[in-house]
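[1] give the three-dimensional model of this entry:
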Amino acid sequence: MATPEEGKKAPALSLNDQDGTRVTLKDLRGKKVAIYFYPKDQTPGCTTQACNLRDNYAAVRKADIVVLGVSPDDEASHTKFIAKQDLPFTLLADPAKKALEAYGVWREKNMYGRKYMGVVRTTFLIDESGTIVKIIAKPKVADHTREILDGFGLSA
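    Model prediction:
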């Protein structure tokens with residue numbers, strides 16, 4: 001499978017959200033979409049990233065950007081994460097890791113000499129035609145909203 005690249009069409013995405021509703025990238029054609037892949041609900045870095053988006057969500061909405069968070073967690077985990085952190089955007093469940101693999105973010109990681117498979121935190125910015133306009137590798141979790149707005153050429 002080809003690795004997604006800026007300037008190319010985004011891979012298809014079809015996953016259930018926290019409520020069990022199917023969300024597809026095709027259904028979002030005509031909108032700017034920020035898909036951020038993160039390792040795990042309720043962990044420190046992932047919570048900081050989600051809360052940064054929550055706290056600056058008015059700017060994201062004003063820019064008419066749809067935010068989708070994707071992790072290998074299931075729908076129930078996402079429901080708890082959204083409730084605990086009061087998140088105003090959609091989280092998609094990918095326990096089968098299909099989207100994680102299609103977007104090339106399910107990779108071997110190394111921590112303290114131990115190798116394991118995991119999600120490499122990455123954000124894909126997709127324009128109204130379904131083209132990847134920016135890939136934010138290693139996003140700054142505490143300043144992620146600004147990175148998204150800048151990636152779309154918008155200011156906060």
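
[2] contacting residues around the helix or strand encompassing residue 146?
    In this assignment (DSSP states H and E), residue 146 forms part of helix 144-151. Applying CB atoms under 8 Å, 6 or more residues apart in numbering, the contact partners of helix 144-151 are 34, 36, 49, 52-53, 55-57, 59-60, 63, 65, 67, 123, 125, 133-134, 136, 139-140, 155-156. Glycine gets a C-beta too; all of them are placed from N, C-alpha and C.

[3] looking at the chain, which helix or strand does the model trust least?
    One helix or strand of the chain scores below all others by mean pLDDT, DSSP states H and E: strand 106-111, with a mean of 91.

[4] how about the strands in this structure?
    14-17, 22-24, 32-37, 65-71, 90-93, 106-111, 114-119, 122-126, 132-137 (DSSP state E).

[5] from residue 113, how far out is the spatially most central residue of the chain?
    Taking CA atoms, centre = their mean, the centroid of the chain lies closest to residue 36, which sits 1.5 Å from it. Taking CB to CB, to the nearest Å as the measure, residue 36 falls 28 Å from residue 113.

[6] ok, and the closest non-adjacent residue to residue 115?
    residue 108 (5.7 Å; CB to CB, 6 or more residues apart in numbering).

[7] tell me which residues form a beta bridge with residue 65?
    Taking DSSP bridges as the rule, residue 65 bridges to residue 32.

[8] now do stretch 74-86: distance to the chain's middle.
    Centre-to-centre, stretch 74-86 and its host chain are 15 Å apart (CA atoms, centre = their mean, to the nearest Å).

[9] got the CA coordinates for that stretch in CSV?
    Provided in CSV are the C-alpha atoms of stretch 74-86 (Å, rounded to 0.1, in the frame of the first residue of the first chain):
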residue,chain,number,x,y,z
ASP,A,74,-13.1,1.1,20.8
GLU,A,75,-16.3,3.1,20.7
ALA,A,76,-16.9,2.7,24.5
SER,A,77,-13.5,4.0,25.3
HIS,A,78,-14.1,7.1,23.0
THR,A,79,-17.4,7.7,24.7
LYS,A,80,-15.8,7.9,28.1
PHE,A,81,-12.9,10.1,26.8
ILE,A,82,-15.3,12.5,25.2
ALA,A,83,-17.5,12.7,28.4
LYS,A,84,-14.5,13.1,30.8
GLN,A,85,-12.8,15.8,28.7
ASP,A,86,-15.9,17.4,27.2
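
[10] good, we can wrap up now.
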